[in-house]
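# Fold the following.
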Amino acid sequence: MKISKEQENEIHYEEEKTFKRRILDYLTITAASAIYAVAVSLFLDPNSLAPGGVTGIAIILNRITGLETGTWMFAVNIPILILGMWKFGWRFILSTLYCTMMMSAFTNLLSPLGALTEDPLLASLAGGSLMAVSLGLVFKAGATSGGTDIIVKLLRLRLPHLKTGLLFLLTDAVIVTASAFVFQNIDTALYAGLVVFINSILLDMVLYGRDGAKMFFIISDNHQVIVKRLLEELDISATYISGQGAYSGSVKNVILCIVKKHLSPKLEEIVRQEDPRAFTIITSATEIYGEGYKNIFSEKL
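Purely as a prediction, here's the structure:
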């Protein structure tokens, strides 16, 4: 079938956009790999903090064998990458393989610089935070850093109701416990556990954003005035839901709207001013898709 010139240009535009997107993804992965290496080489590894996952295993093996941590990170990842290739395909594994290689290379490159701080608490805070930012960027670029990232991604297919940070917390706990026996230092293991905890909390924030918002159901005879003020003063929309009182039988328009937390007090004030007798239900909304929030078509990590 012959395609028109306009269709040909549209196909070319889409291909060019896809290519640019891939370049941007790989640049993001490269930057994220460098951030991860800073966390490992300058904060965690020199302070003997094994923060779970392949990185924790690599740090433990480094102490046992003397082989560089970055090299162990890549070696341990090989069988896991093979598993990922079988489950997710070549395209996914290519970006993950690139990420793993970059993280390993940057880690070995930065290791000679030594620790930026020898305070285990500061190292835990800095290392855990940097790891979370790095992993969040990698996941958003459609890859993983290998290791337990792939295992977590597989678990997400089976357990979609569990968030990524929680799964990391569970899978990393075993390795942190093992580090206590290897290093024979319970304090070091506890600090490593702190790294895992910080990483899991911040990772969810990077991946899912601070979606915390309030959902309002407002039943009022002055619904038109309230909605008008919502549109004009808060610049938010609302939806009418038809309702009927079970006792009175009267038909009511119920206002449904979602607002970010910082706008919630202002909305409450508007309702109070326009109808002090309004029946209002306020509840938390943690995951929201649509304009102004997350894209419903993006892959759920």
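# From now on I want contacts and neighbour counts done on CA atoms only, so please keep to that.
Noted.
# Now whatever helix or strand Val195 lives in: buried residues?
If you go by DSSP states H and E, Val195 is part of helix 186-208. Judged by neighbour count using 16 or more other Cα atoms under 10 Å, the buried positions of helix 186-208 are 188-208.
# before we move on, what about stretch 244-251?
Under 16+ other Cα under 10 Å, stretch 244-251 has no buried positions.
# Distance of Gly70 relative to Arg158?
31 Å (Cα to Cα, to the nearest Å).
# Pick out whichever of the two has more residues nearby.
Gly70 (27 against 10; other Cα atoms under 10 Å).
# pLDDT weak spots in the stretch 101-250 of the chain?
By pLDDT under 70, the low-scoring segments of the stretch 101-250 of the chain are 149, 156-157, 160-165, 168, 207-212.
# That one: strands as residue ranges?
Assigned by DSSP state E, counting those that start in this stretch, the stretch 101-250 of the chain shows strands spanning 213-219, 239-244.
# packing partners for the first one?
With contacts taken as 3 or more Cα pairs under 8 Å, 6 or more residues apart in numbering; DSSP states H and E, strand 213-219 sits against strand 251-260, strand 279-285.
# Can you tell me which of the ones you listed is packed in deepest?
strand 251-260 (a mean of 18; mean count of other Cα atoms under 10 Å).
# could you point out which element follows it?
Counting by DSSP H and E, what follows strand 251-260 is helix 264-274.
# List the buried residues of that next one.
Ser264, Leu267, Ile270, Val271, Glu274.
# could you dump stretch 110-123 to CSV, C-alpha only?
Only the C-alpha atoms of stretch 110-123 are listed here, as CSV (Å, rounded to 0.1, in the frame of the first residue of the first chain):
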residue,chain,number,x,y,z
LEU,A,110,36.4,6.6,42.0
SER,A,111,37.5,4.1,44.6
PRO,A,112,41.1,5.4,44.9
LEU,A,113,39.7,8.7,46.1
GLY,A,114,38.7,7.2,49.5
ALA,A,115,36.0,8.2,51.9
LEU,A,116,34.7,11.8,51.9
THR,A,117,33.6,11.2,55.5
GLU,A,118,34.5,8.6,58.1
ASP,A,119,31.4,9.3,60.2
PRO,A,120,29.2,6.2,59.6
LEU,A,121,26.0,8.2,60.2
LEU,A,122,26.8,10.9,57.6
ALA,A,123,28.1,8.2,55.2
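# Run the chain-centre distance for it.
26 Å (Cα atoms, centre = their mean, to the nearest Å).
# what residues does that stretch touch?
Applying Cα atoms under 8 Å, 6 or more residues apart in numbering, the contact partners of stretch 110-123 are Ala37, Val38, Ser41, Leu42, Phe43, Leu44, Pro46, Asn47, Thr188, Tyr191.
# Now list the buried members of the residues you listed.
The buried subset of the contacts of stretch 110-123 - by 16+ other Cα under 10 Å - is Ala37, Val38, Ser41, Leu42, Phe43, Leu44, Pro46, Asn47, Thr188, Tyr191.
# Not counting sequence-adjacent ones, nearest residue to the last one?
In space, and not counting its chain neighbours, Tyr191 is closest to Ser124: 6.3 Å by Cα to Cα, 6 or more residues apart in numbering.
# How much space separates the one you found from Val206?
Counting by Cα to Cα, the gap from Ser124 to Val206 is 18 Å.
# mind exporting the helix or strand hosting Leu81 as CSV, just the C-alpha atoms?
Assigned by DSSP H and E, Leu81 belongs to helix 69-88. Once non-C-alpha atoms are left out, helix 69-88 reads as follows in CSV (Å, rounded to 0.1, in the frame of the first residue of the first chain):
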residue,chain,number,x,y,z
THR,A,69,34.1,-3.8,44.3
GLY,A,70,33.1,-2.5,40.9
THR,A,71,34.4,-5.7,39.3
TRP,A,72,32.4,-7.8,41.7
MET,A,73,29.3,-5.7,41.0
PHE,A,74,29.6,-6.6,37.3
ALA,A,75,30.5,-10.3,37.9
VAL,A,76,27.6,-11.0,40.2
ASN,A,77,25.2,-9.3,37.8
ILE,A,78,26.0,-11.7,34.9
PRO,A,79,23.6,-14.5,35.8
ILE,A,80,20.9,-12.1,36.9
LEU,A,81,21.2,-10.2,33.5
ILE,A,82,20.7,-13.6,31.7
LEU,A,83,17.5,-14.1,33.7
GLY,A,84,16.4,-10.5,32.8
MET,A,85,17.1,-11.1,29.1
TRP,A,86,14.9,-14.2,29.2
LYS,A,87,12.0,-12.3,30.9
PHE,A,88,12.2,-8.8,29.5
